[in-house]
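Colleague: What shape does this take:
(chains A, B, C and D)
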There are 2 protein chains.
Amino acid sequence: MSENEKLTEEKIFEAATIVFEEEGLTGARMQNIADRAGINKSLLHYYFRTKDHLFEAVFTKLAKKMFTKFTPIFEKNLSLEEKIRFFFREHISFMQQNPKLPGFILNEINHNPQRIQKLIKNIEFKNLWVTILEQHKDELYKYNITEETLPQIMTTIASLSVFPFAAKGILEVVFENFGVDFDKYIESRKEFAADFVIKAITK
Amino acid sequence: MSENEKLTEEKIFEAATIVFEEEGLTGARMQNIADRAGINKSLLHYYFRTKDHLFEAVFTKLAKKMFTKFTPIFEKNLSLEEKIRFFFREHISFMQQNPKLPGFILNEINHNPQRIQKLIKNIEFKNLWVTILEQHKDELYKYNITEETLPQIMTTIASLSVFPFAAKGILEVVFENFGVDFDKYIESRKEFAADFVIKAITK
DNA sequence: ATTCGGTTTAACTGAATGGTCAAAAGTATT
DNA sequence: AATACTTTTGACCATTCAGTTAAACCGAAT
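Modeller: You can find the predicted model right below:
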């Protein structure tokens, strides 16, 4: 039954997502995934032939989910400052709901960098830069942004948003000693990071 | 012979460091480590009884190496601005020589957060804050730093320094599309990050 | 009711892997 | 040179794990 089939596949996918995020590709066990999905291990191999197939499916979906969160900024009709604020709000909110995603993706890509090539090969980077340049010609001059500093600024923005989640395991423990609550810290980071960047790039 | 013993143990340690950094705890194979060290697999177990022992030894050493790079700032007799510049120069230089370390440590801690507790339990965080407060009382007022914003600023500084290495696998591929060289990017980041932070916190 | 497609299960396989053991090789001590 | 010790090795073991197989199950079409 196709109805049923989608259901099992969905169950497997969800279970695999949890286990892979938690244990990584090498640490994940097919038996563990099967147990979580409430099915037999053979059924895993019936739906996804090998562990690598299953991982590839899960990883691709999650990575796309993550990276597509970066792109809508280029489409919106907002000022640069508004875009920066919009990005931090949206991106951090997304990660609040998927806190293990950043660490998982960073780790798996570091471990196997070829993986990313498939994901971003269909992005036109030249166009992307041209788009920004056209949309914000005047603003780029108003701020300290040149073709030279753009990579620094882009990675800085990504840093401020992603790092707290990638380092969650450390920060939670360190914060405990300072009496800081991680969730509140994250909540206030949406605005702090935006303010910080805007302040830094304003002439 | 103790001379020889140190040598083999050192060889094992170096081999294990490379393999663990590359493959992680779960992905690393004892046979692989033995091969790289040019010794028999049994000898691994003679020096470090189990895989976990060996990992614990390697991880602890690397993590200490990493975290101690954060502390000397608190001892130096420099202005806050000088300290920030000093930190980015030193910390990024250190990671240039150990580019896989950040990703490795972040990942292993996320996977097993208890690990970090052992490492930082002997750091007195209350003292640390008092130290900063006393050393830079006037400066903290001069800049936009309060006890409220300190966690945000500390993690921001860490972000800017660590993230490019934690995301190395992604950035290298993305940069390629922009014609940017990762090593040059890192080199210029030492100054950029310092400028960026100082600009942002200056009233 | 029977056949037929897809689905699910239990039992199994073979390779990989962490770890052990007893013997060999090497070194220091007397 | 004999003894006692540590270091190194190769063969071996038990377990874990991804993946296979053949049979049972189940709902629908004939």
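
Colleague: Domains of chain A: list them as residue ranges, please.
Modeller: As given by automatic domain parsing, the domain ranges for chain A are A:1-58, A:69-201.

Colleague: what's the offset of the first one from the middle of its chain?
Modeller: So that's domain A:1-58. Between the centre of domain A:1-58 and the centre of its host chain there is 21 Å, according to C-alpha atoms, centre = their mean, to the nearest Å.

Colleague: That domain near chain B anywhere?
Modeller: Yes. Interface with chain B: domain A:1-58 contributes A:22-27 (C-beta under 8 Å from any C-beta of the partner chain). All C-beta atoms are positioned from the backbone trio N, CA, C, and that covers glycine.

Colleague: Also stretch A:78-90?
Modeller: No. Judged by C-beta under 8 Å from any C-beta, stretch A:78-90 stays clear of chain B, getting no closer than 12.3 Å.

Colleague: Would you mind listing the outside residues contacting that stretch?
Modeller: A:69-70, A:72-73, A:76, A:136, A:139-140, A:143, A:157, A:160-161, A:189-191, A:193-194, A:197-198 (C-beta atoms under 8 Å, 6 or more residues apart in numbering or on different chains).

Colleague: quick one: is the lowest-mean-pLDDT helix or strand in chain A near chain B?
Modeller: Between all helices and strands in chain A, the lowest mean by mean pLDDT, DSSP states H and E belongs to helix A:125-135, at a mean of 80. Yes. Contact of helix A:125-135 with chain B (C-beta under 8 Å from any C-beta) involves A:125-126, A:129.

Colleague: Please name every helix or strand in contact with that helix.
Modeller: When contacts are defined as 3 or more C-beta pairs under 8 Å, 6 or more residues apart in numbering or on different chains; DSSP states H and E, helix A:125-135 packs onto helix B:168-178.

Colleague: Please repeat the previous calculation with a cut-off of 6 Å.
Modeller: Packed against helix A:125-135, as judged by 3 or more C-beta pairs under 6 Å, 6 or more residues apart in numbering or on different chains; DSSP states H and E, are no other helices or strands.

Colleague: CA-only coordinates of the helix or strand just after that helix in PDB, if you can.
Modeller: Once the chain leaves helix A:125-135, the next helix or strand it forms, by DSSP states H and E, is helix A:137-142. Taking Å, rounded to 0.1, in the frame of the first residue of the first chain, the C-alpha atoms of helix A:137-142 are listed here in PDB:
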ATOM      1  CA  LYS A 137      25.300  49.500  -5.000                       C
ATOM      2  CA  ASP A 138      24.900  52.700  -3.000                       C
ATOM      3  CA  GLU A 139      24.800  50.900   0.400                       C
ATOM      4  CA  LEU A 140      27.900  48.900  -0.200                       C
ATOM      5  CA  TYR A 141      29.800  52.200  -0.500                       C
ATOM      6  CA  LYS A 142      28.000  53.600   2.500                       C
END
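
Colleague: so who does A:Ile170 touch?
Modeller: B:109, B:116 (C-beta atoms under 6 Å, 6 or more residues apart in numbering or on different chains).

Colleague: rewinding a little: using a markdown table, please lay out the residues of domain A:1-58 next to chain B together with secondary structure and neighbour count.
Modeller: Output for the residues of domain A:1-58 next to chain B, formatted as a markdown table (DSSP: H, G, I helix; E, B strand; the rest coil; neighbours: other C-beta atoms under 10 Å in any protein chain shown):
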| residue | secondary structure | neighbour count |
| --- | --- | --- |
| A:Glu22 | helix | 14 |
| A:Glu23 | helix | 16 |
| A:Gly24 | helix | 22 |
| A:Leu25 | helix | 21 |
| A:Thr26 | helix | 16 |
| A:Gly27 | helix | 15 |
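
Colleague: For the most centrally placed residue in chain A, which residues are in contact?
Modeller: Closest residue to the average C-alpha location of chain A: A:Met66 at 3.4 Å, with C-alpha atoms, centre = their mean. Contacts here follow C-beta under 6 Å, 6+ apart; on that basis A:Met66 touches A:101, A:105.

Colleague: repeat that with 10 Å
Modeller: Listed by C-beta atoms under 10 Å, 6 or more residues apart in numbering or on different chains, the contact partners of A:Met66 are A:91, A:94-95, A:98, A:101-102, A:104-106, A:119, A:162.

Colleague: Counting only helices, which of those residues make the cut?
Modeller: Using DSSP state H, the members of these that fall within helices are A:91, A:94-95, A:101-102, A:104-106, A:119, A:162.

Colleague: Write the ChimeraX selection for whichever of those are buried.
Modeller: Those of the ones in helices among the contacts of A:Met66 that count as buried under 16 or more other C-beta atoms under 10 Å in any protein chain shown are selected in ChimeraX with:
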select /A:91,95,101,102,104,105,106,119,162
